[in-house]
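Quick check, what structure comes out for this input:
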Amino acid sequence: MKKRELTRRRVLQGVTTGSIVLTGTAVGDGSGVGGRNGRDTTAALETDATNRQTDTSSLDIDIVETSAPVNAGEHLRVTAEIENVGSSDVRADVDFVVGHAEERLGRRTMTIEAGETESVNQGFDTYPVRSDDEFPVRIEINGVGAERTVAVHAASELSSAMPNSELTVQPGTTVLFEVEPVDPDESHEVNWWIDGESTGAWMGPWTGAYFAEVGRYFHMHTFDSTGTHEVAASVARRGESGFGGGNETYAAYWEIDVSSGGKGSPSIERRQPAEEILEFAPDDDLEFELEVSLSGSDRSLDRVVWWLTQADSIIDVTDLSGTLDTATLPTTGSALCHTCRVSPWIVCADGTTRELDGAWIVNRVEDDGADDGTLEVRILETNSPVEAGGVLEAIIELENAGESTASDELEFIVGHDPERVDTQAVTVSGGDTGTATLAFETYPTSQDEQFPVRVVGADDADETMVEVIA
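This next block holds a predicted model:
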């Protein structure tokens, strides 16, 4: 059995900004409206009725700018100004309403002082529509506000997407969806939708590692409920003004029918070693083996993707064929890391997939004479700027210049008045590199903010500036 020849490329993975969510499908004729992360941020923006001035008749609302027209799949941004022409301060619920069916995507509670004008920024990721679309967007208070009609240009369909556009599977089957961008050397933002609801844009190290190894972006989903489900992906390229920025966007679409007569995931017939917990030394030779099978004469196994967790890396990809085959991973102890898991994905040609239950846990026994490992850290990328209240993430590159494995706990420190907001335990083998992701939910500030973020380890640290947009 021959191993797949793959090209490795460095990936600067694209990410989105803040979160405004519609947990539904098309809005009226405005099918360009789409969700973000599958959660309704309105619940997180509850208002405090204490000392509220409920008379909002002194407030004038004007939409001063939108980013429309945008290409399908891009983030559409709306900026409004609210002027208080009265003599008393007013605290009001400012609603963001989109589409002919007037779906509320978000609410922000704010105080507008007498004689003052406040700006409000809202936005959402548009759905990757197949044809040009127009729909209204509104900023309103107590049902009164300003409205604009915005346009979304259709996305071009990707010619390279996996699996085929139509598939029937059994309930409980996991499917691996993949898209290959037309411009693979660029940075991209990739968003995924299940039944019209956005699952969000991926930024984590597994997305970058998979793209670097295989050349495609992925999303994995398990279909539990029967019926027909629609899956879509949008791919936007980073331009001079950020992701999208007027560049053509691309999309892929799938229709998945879930029924008892559909295709199932592959089966694991045998695993070797049989034990889940293994001990090894850096100079040990190790071999992992899986015998896998697939039901259905018209189907074929395709490959095994061997993941090394914590290191967030792919050890290798092994080709498979037919309905019964064996995948073997020969490796050495120096290629593994202490307490990491060797976690294989078994992927079929039709996209059905299975992850190994009870992945191998590897515990490393160090040689006493080895040089101590030290970790150098570098902030590789952040998703700045983000909208206030959104999640700010940073991808951290780790390098161990020593001979022995190094373990550490990274701290994510933010702000001019430094505060620790996240930690992550990491382990990197001697002479190897790895990545980690740190994140925190930003404060829903009423004005744009810039502040430093710092990643601190036992041996090294790195810092960069980020921005939060009100």
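
For residue 331, see how far away residue 286 is.
Using C-beta to C-beta, to the nearest Å, one gets 5 Å for the distance from residue 286 to residue 331. All C-beta atoms are positioned from the backbone trio N, CA, C, and that covers glycine.

before we move on, what about residue 410?
Taken as C-beta to C-beta, the span from residue 410 to residue 331 is 26 Å.

which residues does the closest residue to residue 385 other than its chain neighbours contact?
Once flanking residues are discounted, residue 385 sits nearest to residue 467: 4.0 Å by C-beta to C-beta, 6 or more residues apart in numbering. With contacts defined as C-beta atoms under 8 Å, 6 or more residues apart in numbering, residue 467 is in contact with 384, 385, 386, 448, 449, 450.

List buried residues within the residues you listed.
384, 385, 386, 449 (16 or more other C-beta atoms under 10 Å).

For the residue nearest to residue 290 when sequence neighbours are not counted, grab phi and psi.
Of all residues beyond its chain neighbours, the one nearest residue 290 is residue 327 (4.9 Å), with distances taken as C-beta to C-beta, 6+ apart. When read as degrees, to the nearest 10, the backbone of residue 327 gives phi -110, psi 130.

Count residues in the vicinity of residue 327, would you?
When neighbours are counted by other C-beta atoms under 10 Å, residue 327 registers 23.

Look at it and report its pLDDT.
Here the pLDDT value assigned to residue 327 is 97.

And for the one 10 residues further on?
Here the pLDDT value assigned to residue 337 is 82.

Specify the local secondary structure of it.
Classification of residue 337 by DSSP: H, G, I helix; E, B strand; the rest coil places it in coil.

Check the gap between it and residue 328 for me.
Using C-beta to C-beta, one gets 21 Å for the distance from residue 337 to residue 328.

And residue 466, by the same measure?
45 Å.

higher neighbour count, those two?
The residue with more neighbours, out of residue 466 and residue 328, is residue 466; 19 against 15, by other C-beta under 10 Å.

Provide a list of residue ranges in the stretch 251-400 of the chain with pLDDT below threshold.
The model of the stretch 251-400 of the chain has pLDDT under 70 over residues 366-372.

The nearest residue to residue 70 once chain neighbours are set aside: how many residues sit nearby?
Distance criterion C-beta to C-beta, 6+ apart; nearest residue to residue 70, sequence neighbours excluded, is residue 76 at 5.0 Å. The local packing of residue 76 (other C-beta under 10 Å) involves 24 other residues.

same check, this time on residue 405
With other C-beta under 10 Å as criterion, residue 405 counts 25.

what residues are up against it?
Counted by C-beta under 8 Å, 6+ apart, residue 405 has contacts 282, 337, 338, 364, 366, 373, 427, 428, 429, 430.

quick one: which of the contacts of residue 467 is nearest residue 116?
residue 448 (16.8 Å; C-beta to C-beta).

Would you check that the closest one makes contact with residue 387?
No. Assessed by C-beta atoms under 8 Å, residue 448 is found out of contact with residue 387, at 10.2 Å.

Find residues that contact each of the two.
In contact with both residue 448 and residue 387: 468, 469, 470, using C-beta under 8 Å, 6+ apart.

can I assume the second one is in contact with residue 388?
Yes. Applying C-beta under 8 Å, one finds residue 469 in contact with residue 388, separated by 6.5 Å.

for the residue lying farthest from the centre of the chain, what are its contacts?
When distances are taken from the C-alpha mean of the chain, residue 87 lies farthest, 46.0 Å away, according to C-alpha atoms, centre = their mean. The contact partners of residue 87, by C-beta under 8 Å, 6+ apart, come to 114, 115.

Any figure for the gap between it and residue 112?
With the distance defined as C-beta to C-beta, residue 87 ends up 12 Å from residue 112.

again, but for residue 447
Taken as C-beta to C-beta, the span from residue 447 to residue 112 is 13 Å.

who has more neighbours, those two?
Just comparing residue 447 and residue 112: by other C-beta under 10 Å the higher neighbour count belongs to residue 112, 25 against 10.

Spatially nearest residue to that one (excluding sequence neighbours)?
Using C-beta to C-beta, 6+ apart, the closest residue to residue 112 is residue 84 (4.2 Å).

Can you verify residue 149 is assigned to a helix?
No. Counting by three-state DSSP, residue 149 is not found in a helix; it is strand.

wait, what's in contact with it?
By C-beta under 8 Å, 6+ apart, the neighbours of residue 149 are 134, 135, 136, 137.

Many thanks, have a good one.
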